Every structure is written in C-alpha cells, then in structure tokens.
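**Student:** next one to model:
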Amino acid sequence: WFTLYGSNGVPAPDSWVWNAFPAEYHSAFVSTNDESNTFQIDDEFEQAFSGSISPLVVFYHISLPEGRTAEALDSLKTQLGVLTHSQQPTILYYSVAGEASLETDLLISNACHGQPNHLMCRKLNEVASPEAGGETLQYLHNFCLAKPSLSVTYMSNWLPGMKADDFRALTTVVTSNVCLKSHETCNVCGILPFAVQPFCW
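**Tutor:** This next block holds a predicted model:
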C-alpha cells in the first residue's frame, strides 16, 4: 500500500480506489496528523512482533445485523475456527457492530483465551449500529502507519448469502501466505462485505 501510495498511504484524488470502494470506507484511507491517528500497541503484542516467528495480524470486523444474528454468529464461529487452527501465532484486533450477545462474547472469549500463546486478542471498538464498517479499516490504516514493515489481514463475518464452507475457504485464503506473497505490491489482504473475492491492497 505504501509502495503504491507514498508515506501517508493515501491515493491521489483521481485514483481508482475512490470509485472502487463505497463512500463509508473512504475515511479509512485518509490520514490526518491528530492523535486519533496513532495506534497503541500493547507490550505483549510488541514482544510478539519482535519474536523469531512473525505473527499473523488480523483486523476483524464483526457485524451482527438485526434479524440475521444467527447467520452472522455461524460465520463468526467458522472464521474463529480457522484462526485457532492456524499454524502461525495470531494477533486479532476486532470491532463489533450491532447488539453483541452473551453468545458473541463467549465465542470470542473461548477462542482468545483457549490458546493464549497462539491467539492474542484485543477489542478495538463496539458500536450499536450493524451498518458501521469503516472504523475497523481506520484502525487497520493507523496500524500500518505505526508498523509499515508488517503485512495485515482484514476480515468481516458478514457477506450476505454466503455459506459456512465459503467463509471457511475465503478465511483460509486471506490468512495464508499466498494472499500476501508479493509484499512489494501488497501489504493488506482481506474480505470485505462488498467484495466476495479476496482482495489485496
């Protein structure tokens, strides 16, 4: 991303990026110099970044649409299953959009605390509206500014019409080295609600 768009990581005004992504995601590409653009990295995570094995860094947007919570939770369960069975240590930064339930909290807690040395988690944000989406991308962008040498993965659990097997396959792809094999042209790989194929920035 920074190779393509310079040290601020912001595309030119006439870039294809602005037309390709919906307006609510534009804020994730805009950098300002205020304090809200800094990303605080916990000491425990900082130690993981300096270890001999580089961890997989995942930014996960969990959406819980009203009336479709069961479907969203199935996707969440499937994706967390992929992360907990990964061979690579994983750092998971996540946001929740919508009414979080006890079941949601338990799913995340069990995944994160069941393998404390393998999957380390930090909750970034929780908002009432399931429509919110750009905030997680903003956190991801700020992380990339703080750690420009690292590659990251972005995931969402809400792709309407997709089945658990599809989520398992997509999640496996975007968390693999295959998606990020060309670090010179790509440092973010992910799944977005409006893109049913894995993408690479």
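**Student:** for this structure, what are the low-confidence residue spans?
**Tutor:** 1-37, 115-117, 133, 160, 180-186, 191-201 (pLDDT under 70).
**Student:** longest helix in it, please.
**Tutor:** Assignment by DSSP state H gives helix 69-84 as the longest helix of the chain.
**Student:** buried residues, it. List them.
**Tutor:** 69, 71-73, 75-76, 78-84 (16 or more other CB atoms under 10 Å). The way it works is simple: take the backbone N, C-alpha and C, and place the C-beta from them, glycine included.
**Student:** which two from those residues end up farthest apart in space?
**Tutor:** 69 and 84 (21.7 Å; CB to CB).
**Student:** what helix or strand is residue 63 located in?
**Tutor:** strand 56-64 (DSSP states H and E).
**Student:** show me where this protein has its helices.
**Tutor:** 2-5, 17-20, 43-49, 69-84, 102-114, 134-146, 164-174.
**Student:** distance of the most centrally placed residue in the chain relative to residue 161?
**Tutor:** Of all residues in the chain, the one closest to the mean position by CA atoms, centre = their mean is residue 59, 2.2 Å from it. Computed with CB to CB, to the nearest Å, the distance linking residue 59 and residue 161 is 23 Å.
**Student:** turn the helices of the chain into TSV, columns for distance to residue 124.
**Tutor:** Formatted as TSV, the helices of the chain follow (distance: least, CB to CB, whole Å):
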stretch	distance to residue 124
helix 2-5	22
helix 17-20	23
helix 43-49	13
helix 69-84	16
helix 102-114	12
helix 134-146	5
helix 164-174	19
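**Student:** quick revisit: angle of the longest helix of the chain against strand 56-64?
**Tutor:** 170 degrees (axes from the mean of the first three to the mean of the last three CA atoms, to 10 degrees).
**Student:** packing partners of helix 69-84?
**Tutor:** When contacts are defined as 3 or more CB pairs under 8 Å, 6 or more residues apart in numbering; DSSP states H and E, helix 69-84 packs onto strand 56-64, strand 90-98, helix 102-114, helix 164-174.
**Student:** which residues does it contact?
**Tutor:** 58, 60, 62-65, 90, 92, 98-99, 101, 103-104, 107-108, 111, 114-115, 118-119, 155, 157-159, 162, 164, 167-168, 171-172, 175 (CB atoms under 8 Å, 6 or more residues apart in numbering).
**Student:** give me that answer again for 6 Å
**Tutor:** Outside helix 69-84, the residues within contact range by CB atoms under 6 Å, 6 or more residues apart in numbering are 64, 90, 107, 111, 115, 119, 157-158, 164, 167-168, 171-172.
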